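Q: structure for this input, please:
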Amino acid sequence: MNPAHHDGYVAFRIANQNIVVRAPKAWYAKDIEAFTKLYERSSAPHDLSFDFLSNGNKQYLILNEQEELWHGESAPETVAAFEIQLYTQVIQNIFPDFLSLHAGCVTTQGEAWMFAGISGAGKSSLTTAALLSGADYMTDEFSLLDTQGNIHPMPRPMQWDEPEHPAFPHHTMLERGRFERYFFTFPDYSGQAKQLQLWLPTHVEHQALPLTRLVLPQYNAAAPAAQLQPVRRSEALMMLAQHFHQNILPSERIKQLNQRIPQDVMAYRLNFSDVHQAWASLLNATPNTAVGSA
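A: Modelled structure (predicted):
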């Protein structure tokens, strides 16, 4: 391996972390660019560095020029390992300045709207519906909450395993100019080639914005098109406390959220079977429909 030899690099920022990624082979660059394209570029001294190194048939991923995070024989597999390690290292480094919540987030009207829930709850679907309707993208997975109640973007590519999303025909997403698409192929655990669709929103918010709406969605194919129910702030925080990426005691989660989430946040529970109707119901909701902070 030759750590000093790199054919290219990309430097970007996530929250308070400046990150540089360096690769020794040109054929890494295309996949790396797809996974890092949406982040705000940065020229500041880096806090984290990731180096892709080669030694014969072996490929390595090195953190901060000293810690081996991954080694294998496949370049795409190493890029996939980088994606996971990028999220892991950033989430670890930003605490306690930032909490990472398992939630999507978009911006509309100069505000951050969060969709928090377990996998399958409809976060990415709501995020997609919002983007197609003119909202800007912040994240579909990692909502970074600072101590002042602002959300900082972590705009990773949106990823779909399914060939087609039932609510969003691919031609519609592409024709509207709100998304670009990239296909990433890598070997799975059994060594079989797996193709992942990366959807790259074309309108991305890079500034921190105040959190004003907290939505707790639950997709259910048997539910009505959209049922929007205001919930009290205290109840919303209890539910949101279930959706942390960082390993924090439950009692500390509630304390941190109570200190950071604005008192006047509008919180809703949203059950839906039609994601387009669900997004429309959120747009039509007014402050008067939200329950207060009690």
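
Q: okay, CA-based contacts and neighbour counts for the rest of this
A: OK.

Q: Leu86 should be in a strand, yeah?
A: No: checked against DSSP: H, G, I helix; E, B strand; the rest coil, Leu86 lies outside a strand; its state is helix.

Q: Asn8 against Arg22, yeah?
A: Heads up, residue 8 is Gly, not Asn. Yes: Gly8 lies in contact with Arg22 (Cα atoms under 8 Å); the separation is 5.9 Å.

Q: more neighbours, the two?
A: Neighbour totals were compared for Gly8 and Arg22, and Arg22 leads with 24 against 13 (other Cα atoms under 10 Å).

Q: Gly8: what's it in contact with?
A: By Cα atoms under 8 Å, 6 or more residues apart in numbering, the residues touching Gly8 are 22-26, 29.

Q: these in helices, which ones?
A: With DSSP state H as the criterion, helices contain 26, 29 from among the contacts of Gly8.

Q: any idea which of the contacts of Gly8 has the most stuff around it?
A: Most neighbours among the contacts of Gly8, by other Cα under 10 Å: Arg22, with 24 neighbours.

Q: which intervals of the stretch 151-294 of the chain have sub-threshold pLDDT?
A: Scanning the stretch 151-294 of the chain for pLDDT under 70 picks out 161, 286-294.

Q: between Gly8 and Arg22, which contacts overlap?
A: Listed as contacting both Gly8 and Arg22 by Cα under 8 Å, 6+ apart is no residue at all.

Q: so which helix or strand takes in Gln92?
A: helix 75-94 (DSSP states H and E).

Q: contacts for that helix next, please.
A: Residues from elsewhere that reach helix 75-94 (Cα under 8 Å, 6+ apart): 14-17, 28, 31-32, 35, 50, 59-61, 69-72, 100, 185-187, 245-246.

Q: return the members of those residues classed as buried.
A: Buried by 16 or more other Cα atoms under 10 Å: 14-15, 17, 28, 31-32, 35, 50, 59-61, 70-71, 100, 186, 245-246, out of the contacts of helix 75-94.

Q: next, count neighbours for Leu48.
A: So Leu48, with other Cα under 10 Å, has 19 neighbours.

Q: could you do Ala223 as well?
A: So Ala223, with other Cα under 10 Å, has 13 neighbours.

Q: now do the one 4 residues further on
A: Per other Cα under 10 Å, the neighbour tally for Gln227 reads 18.

Q: is it fair to say it lies in a strand?
A: Yes: under three-state DSSP, Gln227 falls within a strand.
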